[in-house]
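S.K.: okay, here's the prediction I keep looking at, along with the sequence it came from:
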Amino acid sequence: MRWLLPLGADNSQSKVELYAAIHRDHRMGMSLRALQRTHNVTWRTVRRALDGQWPEPRKNQRRKESRLDAYKPLIDGMLLADLDAPPKQRHTAQRTYDRLVEGHGADGISYSMVRVYAKDRRKEVRRQAGVGPDAMFVPQTHLPGAEAEVDFRTASRGRSKLFFLCPGRIRTFDTRWRSWVI
């Protein structure tokens with residue numbers, strides 16, 4: 001039921017493709033009214049397509065400035081200082097927000113703005129400083145069957161005592177540990 005859709009709701013094709021489809025259907029003999037219904041557009045769009053006009057290019061959306069933009073360098077500085085600080089002395093989002101409000105008069109920002117920015121930015125700052133998980137990763141290679149673990153067990157019955165090794169875990173071809181319980 002295409003007629004239930006709002007105008008322009010069928011956005012599965014670009015405007016250039018839409019104009020080409022309107023041209024094609026008009027050459028096949030469809031009326032202007034039928035073109036409107038078929039392509040779910042207004043009569044102005046049909047008229048523009050048939051007059052040979054190209055669709056106007058999309059306007060680039062200018063990024064809306066945030067109230068937090070003025071304080072982002074301060075937050076980044078706090079995050080950089082936290083790299084050298086012990087874990088208990090690092091800035092939490094609440095502490096960062098409190099310092100901005102008290103020390104820098106940041107009344108126009110909210111705690112959630114600071115929390116979201118600090119959460120995303122903290123990872124980037126650590127990665128840029130070479131402290132993040134990328135710097136700590138050590139690649140390991142294991143050949144199939146090259147590693148194994150065995151357990152040393154004893155069993156006693158009466159006066160005799162048996163000592164034996166039993167397989168515990170062995171690394172297989174798919175690099176997962178297989179365990180045997182004895």
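M.R.: That came in fine, so what should we check first?
S.K.: centroid-nearest residue for this protein?
M.R.: D120 (10.7 Å; C-alpha atoms, centre = their mean).
S.K.: where does the protein dip in pLDDT?
M.R.: Where the chain drops to pLDDT under 70, the residues are 1-12, 132-137, 142, 144-145, 150, 165-182.
S.K.: all helices of it, in order?
M.R.: The residue ranges that make up the helices of the chain, judged by DSSP state H, are 15-27, 32-39, 43-50, 72-82, 93-104, 111-129, 133-136.
S.K.: redo these as CSV? Include distance to S160.
M.R.: Where you see a C-beta, it was placed from the backbone N, CA and C, and this is true even at glycine. As requested, the helices of the chain are exported to CSV (distance: least, C-beta to C-beta, whole Å):
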stretch, distance to S160
helix 15-27, 87
helix 32-39, 92
helix 43-50, 96
helix 72-82, 64
helix 93-104, 67
helix 111-129, 61
helix 133-136, 52
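S.K.: minimum distance to A155: which of those helices has it?
M.R.: Proximity to A155 (C-beta to C-beta) singles out helix 133-136 among these, at 43.9 Å.
S.K.: out of the helices of the chain, flag the one nearest R58.
M.R.: Closest approach to R58 among the helices of the chain (C-beta to C-beta): helix 15-27, 8.8 Å.
S.K.: just the C-alphas of stretch 76-88, formatted as PDB.
M.R.: Output for stretch 76-88, consisting of C-alpha atoms alone and laid out as PDB, is shown next (Å, rounded to 0.1, in the frame of the first residue of the first chain):
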ATOM      1  CA  ASP A  76      42.200  16.300  27.500                       C
ATOM      2  CA  GLY A  77      44.900  17.900  29.800                       C
ATOM      3  CA  MET A  78      43.400  16.200  32.800                       C
ATOM      4  CA  LEU A  79      43.300  12.800  30.900                       C
ATOM      5  CA  LEU A  80      46.900  13.200  29.900                       C
ATOM      6  CA  ALA A  81      47.900  14.000  33.500                       C
ATOM      7  CA  ASP A  82      46.100  10.900  34.600                       C
ATOM      8  CA  LEU A  83      48.400   8.700  32.600                       C
ATOM      9  CA  ASP A  84      51.200   9.200  35.200                       C
ATOM     10  CA  ALA A  85      48.900   9.300  38.300                       C
ATOM     11  CA  PRO A  86      48.300   6.300  40.500                       C
ATOM     12  CA  PRO A  87      44.900   4.600  39.800                       C
ATOM     13  CA  LYS A  88      43.300   6.000  43.000                       C
END
